[in-house]
Every structure is written in C-alpha cells, then in structure tokens.
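**Q** Quick check, what structure comes out for this input:
(one chain, ligands or ions: 2)
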Amino acid sequence: MNPLRIGARVFDGPGPFLMGVVNATPDSFSDGGRFLDPEAARAHALRLVAEGADLLDLGGESTRPGAAEVSVAEELRRVVPVVEAIRAAGCTAPISVDTRKAAVARAALAAGADLVNDVSALADPAMAEVVAATGAPVVLMHMRGTPADMASRAVYADVGAEVERELAEALARAVRLGIPEARVVLDPGLGFAKRPEHDLRLLAELPRLRRLGRPLLVGPSRKSFIGRTTGAAVADRLPGTLAAVTACVLAGVELVRVHDVAAARQAAQVAAAIRSASSSAGEG
Ligand SMILES: Nc1nc2c(c(=O)[nH]1)N=C(COP(=O)(O)OP(=O)(O)O)CN2
Ligand SMILES: Nc1ccc(C(=O)O)cc1
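**A** Ligands and ions are numbered 1, 2, ... in the order given. This next block holds a predicted model:
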C-alpha cells in the first residue's frame, strides 16, 4: 500500500498492523464496563501497546446490533479524558477514535487522537468537514442503516459485490467532500448489517476488496459469526478470532482490529511469515 500516515507513524508495506481495542463504554458486547473508568482505560491502552499494538482504537459508544445512540455529551465525557490520560502517560502510539459524531472526533483529535474510525462512513453531515479540516486519516466502514436497525437490513444477493460497490461509493463521496483518497482506509464491517454467512463470505472474498486500491481494516474480534460457527460464548472466542485474523493476514489485510493483542500478534506474525514464504516460493 502507499504509506499511510497516522499521527507520528508511517504505516508502510503490507503489515499486518494491529489495532488494539479500548472500549470506554458500559455496554460493549464483549468487555462493556471494564474500561469505563478513565484510569482503567488508560492502563488497558498501555498494556495493549506493551503487547504489540501498533495503534489504539478508543470508543465511547457501543455499536453492537440493536444498540441505542449515546448523546454527544456522554460520549465526550467517556472519550476525551482517556485520550488525555494516554498522552499524559507519555504513550505516543497513534490513537484512533471510534465515533460516528463529528463533535466527538473534533474533540478527540484536539486532545491528541490521530485517526477517525467512523463505522457510519461520514453519516454525520459535519464529519467530512472535521476530517478534511484536520487532515486526519479516516476509516470508512461498510454498514447499512444504523446499529439500531442494521440487523434487519442484512439482505444481499451477492454480499462481496455489494460491499465492494458500496465501499467504492463511500470512498468517492469522501473525496467529493474534500478528503484526499490517500487518507482513507476501508473496512467491510463484519457484523454490521451482516449475518454470519455474510461475514464468512466477506472473509473469503477479501482479495476482491483489494481492488478498491486502499488499505483495508478488518475487525473480526470475538464477533457473533465466530459464536454461530463454533457455539462458543463471547468470552471463549479467542481461538476462532485467531483463525479469522489468520485469514485476514493471508489475504493481505493491512490493519486488523482486535481485543486480544498479544495472542493476535503471534497469529499475525506466523500468518505473515507464511504469506511471504508463499510469495517467494520457487526461490529455493
Ligand atoms: N472500523 C471498525 N470499527 C469497529 C468494528 C469494526 O469491525 N470495524 N467493530 C466494532 C465492534 O467491536 P467492539 O468490541 O468495539 O464492540 P461494541 O460495538 O459493542 O463496543 C466496533 N468498531
Ligand atoms: N458493534 C458490533 C459488535 C458486535 C458485532 C457482532 O458480534 O457481530 C457486530 C457489531
């Protein structure tokens, strides 16, 4: 991929780069309530960096299927102190802010965050302007509807083709709104307006999303498609998560979003080593 600048870091080459999840929420589907206290969130963030996270993704609103929207004031209260605490601790890892709200993105960037992870792909009319004006890179994720109603919108004739087309449209719209293509990362949005069979199909079809010409981010961690495939409860989905991480890395995905960084690091390193052995096959 072309080098992607996120804060002080340049992400060059195929990666894989790991995005470690910090949920400052009471109700996230796998870790709700554990990191709502800013001190706990800060400690968790530093632990993820020590485990090998290349960047952090900090969120103050759960977007699990059926989740209700959180107010701007509440989301600001959850997110901004954590960005400040991470920076005050001397941690220089790039921080992504996982938000659908322009006001939260603006405040988090001002407090020291570096990237906007918008699962709604610029649905807030003010979001494109914040991203364009600050020069921050942005993740545009595929979803239909909102977390509140997306489950009923998971209807596809050809999920790979439709997600590819809708991501291309999201990218074109971002460019029209003044965001340079070089600052955009694309994400198929596993579990967002997708049934488990759609998630599996998208993981199998990742190579076609490479045709979009942008770095890809994928977030399989602990999600329901793993539960539906294996019967494992949310707390027991690490092995299945690692299988999905491996599939992402073998398909050339640059950024993988995970809760369990140390374990994912090892899986990603081995998958990347296999990938590079296969690209040098025949050399001896
Ligand atoms: N770009 C991107 N962002 C995401 C993605 C994803 O796949 N891609 N998945 C999420 C779900 O995980 P989380 O643990 O944050 O759950 P929650 O929505 O319940 O907080 C939240 N944010
Ligand atoms: N925000 C989300 C959280 C969880 C899932 C899922 O388990 O598929 C999807 C979206």
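
**Q** closest point of the stretch 151-284 of the chain to ligand 1, which residue?
**A** residue 219 (2.4 Å; C-beta to the nearest ligand atom). Using the backbone N, CA and C atoms, a C-beta is placed for each residue, glycine as well.

**Q** pretty sure that residue contacts residue 192?
**A** No. Assessed by C-beta atoms under 8 Å, residue 219 is found out of contact with residue 192, at 9.2 Å.

**Q** can you give me the helices in this structure?
**A** Using DSSP state H, the helices of the chain run over 38-50, 72-88, 102-110, 127-134, 159-176, 196-204, 206-209, 224-230, 238-250, 261-279.

**Q** what about the residue of the stretch 151-284 of the chain closest to ligand 1, distance to residue 123?
**A** Distance from residue 219 to residue 123, counting by C-beta to C-beta, to the nearest Å: 18 Å.

**Q** what does residue 150 give?
**A** Distance from residue 150 to residue 123, by C-beta to C-beta: 12 Å.

**Q** more crowded one of the two?
**A** Between residue 150 and residue 123, residue 150 has the larger neighbour count (other C-beta atoms under 10 Å), namely 22 against 13.

**Q** Which residues of the stretch 151-284 of the chain lie near ligand 2?
**A** The stretch 151-284 of the chain comes close to ligand 2 at residues 191-192, 223-224, as judged by C-beta under 6 Å from any ligand atom.

**Q** Just give me the closest of the residues you listed to residue 214.
**A** residue 192 (18.1 Å; C-beta to C-beta).

**Q** and the strand ranked longest in the chain with ligand 1, contact?
**A** Across the chain, the longest stretch assigned as strand under DSSP state E is strand 17-23. Yes. Against ligand 1, strand 17-23 shows contacts by C-beta under 6 Å from any ligand atom at 21, 23.

**Q** neighbours around residue 213, how many?
**A** For residue 213, using other C-beta under 10 Å, the count is 13.

**Q** what's the nearest residue to the residue of the stretch 51-200 of the chain found nearest ligand 2 if we skip its chain neighbours?
**A** Nearest to ligand 2 in the stretch 51-200 of the chain, going by C-beta to the nearest ligand atom, is residue 191, at a distance of 2.4 Å. When the adjacent residues along the chain are set aside, residue 191 lies closest to residue 223, with 4.6 Å between them (C-beta to C-beta, 6 or more residues apart in numbering).

**Q** Contact partners for that neighbour?
**A** Residue 223 sits next to 190-191, 199, 237 when contact means C-beta atoms under 8 Å, 6 or more residues apart in numbering.

**Q** contacting residues for residue 205?
**A** Counting by C-beta under 8 Å, 6+ apart, the residues that residue 205 touches are 159-160.

**Q** mind running it again at 10 Å?
**A** Contact analysis of residue 205 by C-beta atoms under 10 Å, 6 or more residues apart in numbering lists 158-161, 163-164, 188, 251.
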